[in-house]
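Trainee: here is a sequence with its predicted model. Questions after.
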Amino acid sequence: MPRDSNQKRTFGFTDRALKGLPTPPKPQQLDYFDATTRGLGLRISYGGRRTFFLLYSDDRRKRQRLSLGEYGQLENGKLSLAEARKQAKIQLGEVAQAHDPAAEARSLRQSPTVNILAADFLALQRRNKKRSVRQQERLLVLNVLPDIGNVKARDVKRGDIKRIMDKITDRGAPVTANRVHEIVRAMFNFGLEEEIYGLESNPADHLRRHRNPEQGRERWLSLDEIKRYWTALEQVPDGPADALRLCLLTAARQGNVLGMRLDQLALDDHLWICPANTTKTNQTYRVPLSDMAVEIIKGRIAALENAN
């Protein structure tokens, strides 16, 4: 073996020779090259790490370096000398076919994760003013991203999505599992259309929804429950209490009641018109108002006028 110098340190690699190579002082690193296998090298860092690599020229005659793996025993997840020589020859064959394994490896390392895909998907939903974007974000953050957020989007498998859905179902939330499945499938469809996430298929496709059909709610408050609810609101500040009373009297959603505007009201006709852009179904609703509802609304208008 040649003495350490500025010239290439080239010799026929053997396990005995490689194990006997010295560790360079900090912050240096030394490269050694195999005289037997073209382009195969071993880099030793000042920390003692020994890593096989391959040097080759791409189709533009530019020098490229491809890491093959850390030198060591296969059973420890590392790369033996024999396996390193085998991998080097395989990669050189790829180069001969006009492939660039180093560029492909860089592309794989830089491939966006599910966290990035989810952020881009939700950003599009916000730009399109989708009303469900907050719910979508909440379901992704709570159920999906903790499991696969750091996984590259291109590496997600159907089994990963099924495992997430099964976990949600096992905690007694089959309807939520179905919702999550819908969102994840839409998210990966978005990724396929954008073509920058390395996706070749949608891992959420062809998965069964929860086998029990989602039943519509048929529960309503009894007269006794309404009485107790109304009485309990006497302990709540006037503004929130009136909003909750109106929810009960109109059967309207809380968000619509809180967003009620004067120009939506025809109190003389006992009518409240909810514009399509404020409703969940994007439809205009004409909500009839009882005498009590009109009284509450007039009370809130007077309170606001007095406050000003």
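Mentor: Ah, there it is. Numbers count the residues shown, from 1 in each chain.
Trainee: ranges for the helices of the chain?
Mentor: Ranges of helices in the chain, per DSSP state H, are 15-19, 81-96, 101-109, 114-127, 133-143, 145-148, 158-170, 174-194, 223-232, 238-250, 254-258, 291-307.
Trainee: is it true that residue 247 touches residue 260?
Mentor: No - the criterion here is CB atoms under 8 Å, and residue 247 misses it with residue 260 at 10.9 Å. All C-beta atoms are positioned from the backbone trio N, CA, C, and that covers glycine.
Trainee: next, residue 112: phi, psi?
Mentor: The phi and psi values for residue 112, taken as degrees, to the nearest 10, are phi -60, psi 150.
Trainee: run a quick neighbour tally on the residue nearest to it when sequence neighbours are not counted.
Mentor: Distances taken as CB to CB, 6 or more residues apart in numbering place residue 197 nearest to residue 112, at 5.1 Å, with adjacent residues excluded. Neighbours of residue 197 under the rule other CB atoms under 10 Å: 21.
Trainee: what of residue 133?
Mentor: Close neighbours of residue 133, defined as other CB under 10 Å, add up to 17.
Trainee: with residue 274 instead?
Mentor: By other CB under 10 Å, neighbour count at residue 274 equals 21.
Trainee: that one and residue 240: what is the separation?
Mentor: 20 Å (CB to CB, to the nearest Å).
Trainee: with residue 305 instead?
Mentor: In terms of CB to CB, residue 305 sits 19 Å off from residue 240.
Trainee: next one: residue 9
Mentor: Counting by CB to CB - residue 9 and residue 240 are separated by 77 Å.
Trainee: which of those two has more neighbours?
Mentor: With neighbours defined as other CB under 10 Å, residue 9 and residue 240 compare such that residue 9 has more, 17 against 11.
Trainee: before we move on, back to that, ok, which of the helices of the chain comes nearest residue 265?
Mentor: helix 291-307 (6.7 Å; CB to CB).
Trainee: pull the distance from the closest one to the chain's centre.
Mentor: Put simply, helix 291-307 sits 46 Å off its chain's centre (CA atoms, centre = their mean, to the nearest Å).
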